[in-house]
Structure formats: structure tokens, C-alpha cells
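Student: sequence-free structure coming up:
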């Protein structure tokens, strides 16, 4: 086979490969957007369920507000275990306290800013005991998002060295909608010096 034909074949294969992976990447992105959209729809339904802020008030509920979905805010953070764990007491909006146990730090870089969030483990008795809890505030707090911070659900994976932080799923505590709910404020370690324009915005 002549050299020109070999080079031509390589070029064609490269183009096909590029198109294939571009399409695959697009499909993956579309799948992710669909996942977040479905998550948002489920959150709206939850707001009307029993023990939720708008239960029995469907006519008042106008739907939750969100930033545009941005895959850049879906971050794989390095998980740094805490050896000498201490009890952390977080004040709630109604003046009470919730107890947590230090679990690990999540380290990541966002928009050129080095960030660290403290992940806590629920200590108080109840169905949530042993689950992970992450509350944070950022430079959008009190402006574009709820002033007392937002929450992220974290899945516990024993032995893992990383953790997925999907800020497109960041949500407001129930006390953002009604004073009838008790919600803990973020620990001071979790007040970030960066704007996280992803997830739920302020409702009112």
C-alpha cells in the first residue's frame, strides 16, 4: 500500500473516532442534564408531601428556583479522613443544637480557588443516625441563594479516597420556606470564598 493511502486511512479513522467520541460525550452530557432535571422535578413534588413546607398549600407553591445546570459544578473531591474525630454542635435557626461527629474533609479547586468542606456524621438518635451531613455557604449566600446556607446529600462509601460533590443538587433547608422547621447552620469551616452558582436559588 502506498504511503499516501496509509496516511489517508489514518486521517479517515481519526475523523471517525473524533466524531464518535464527540457524539458519546454529547449523549453523556444530555443524560446528565436529564438526570438533574428529573431531580428538580422530584424536589418540587417533595415540597408538597406530608411534613414538607407546602403540604396542603399547592396553590401557593410556584416551584423551586435554580441556576442553569452546569456540569463544571459536578466535582470529584479528594476525601481526607479525620483521625481524632470531635463532636461538633451546630446551632439551628430556632436556637437549638444538633450534634454531629467529624467525618472527613473534602478538598477541591473551583474557579481557581482552593476549597475545603467539613463533612459531618449525624449522631442524634433517629432514622438519619450515621448518615453524612454537609451544609455550606458561599459568596452567593444572602444574594442569590438562601442566606443561612444550603445542603448537599453525601453518600457514605467506606474506604473511599474521593467524594462526588454535585452542586447542581445543592438545596435549601426547609426553614428557607417556613419558620416551623428547625435547620442547622453550616459550620464556620464551610463558608467558602467562592461563588457557587449551581443548585437551588432563594425561593422568595
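Tutor: Done, it's in. Just so we're clear, the structure is a prediction, and the values are computed from it rather than from any experiment. Numbers count the residues shown, from 1 in each chain.
Student: for residue 168, helix, strand, or coil?
Tutor: Under DSSP: H, G, I helix; E, B strand; the rest coil, residue 168 falls in the helix class.
Student: quick one: contacts for it?
Tutor: Residues near residue 168 by C-beta atoms under 8 Å, 6 or more residues apart in numbering: 36, 39, 67, 69, 70, 71, 73, 74, 198, 199. C-beta here means a position set from N, CA and C on the backbone, and glycine is covered the same way.
Student: tell me which element the first one falls in.
Tutor: Applying DSSP states H and E as the criterion places residue 36 in helix 3-46.
Student: what's the next secondary structure element after that helix?
Tutor: Where DSSP H and E defines the elements, the next helix or strand beyond helix 3-46 is strand 74-81.
Student: ok, that following strand: who's next to it in the sheet?
Tutor: Next to strand 74-81 in the sheet, as set by DSSP bridges, lie strand 97-110 (antiparallel), strand 162-166 (antiparallel).
Student: ok, residues contacting stretch 71-82?
Tutor: For stretch 71-82, the external contacting residues (C-beta under 8 Å, 6+ apart) are 29, 32, 102-108, 110, 117, 160-168, 196-199.
Student: repeat that with 7 Å
Tutor: Surrounding stretch 71-82, the residues in contact under the criterion C-beta atoms under 7 Å, 6 or more residues apart in numbering are 29, 32, 102-108, 110, 160-168, 196, 198.
Student: filter the residues you listed to the buried ones?
Tutor: 102-106, 108, 110, 163, 165-168, 196, 198 (16 or more other C-beta atoms under 10 Å).
Student: still on that earlier bit, what mean pLDDT does the helix holding residue 36 get?
Tutor: Mean per-residue pLDDT for helix 3-46: 64.
Student: hmm, back to that, could you give me the PyMOL syntax to select whichever of the contacts of residue 168 are buried?
Tutor: Buried members of the contacts of residue 168, defined by 16+ other C-beta under 10 Å, are picked up in PyMOL with:
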select buried, resi 36+67+69+73+74+198+199
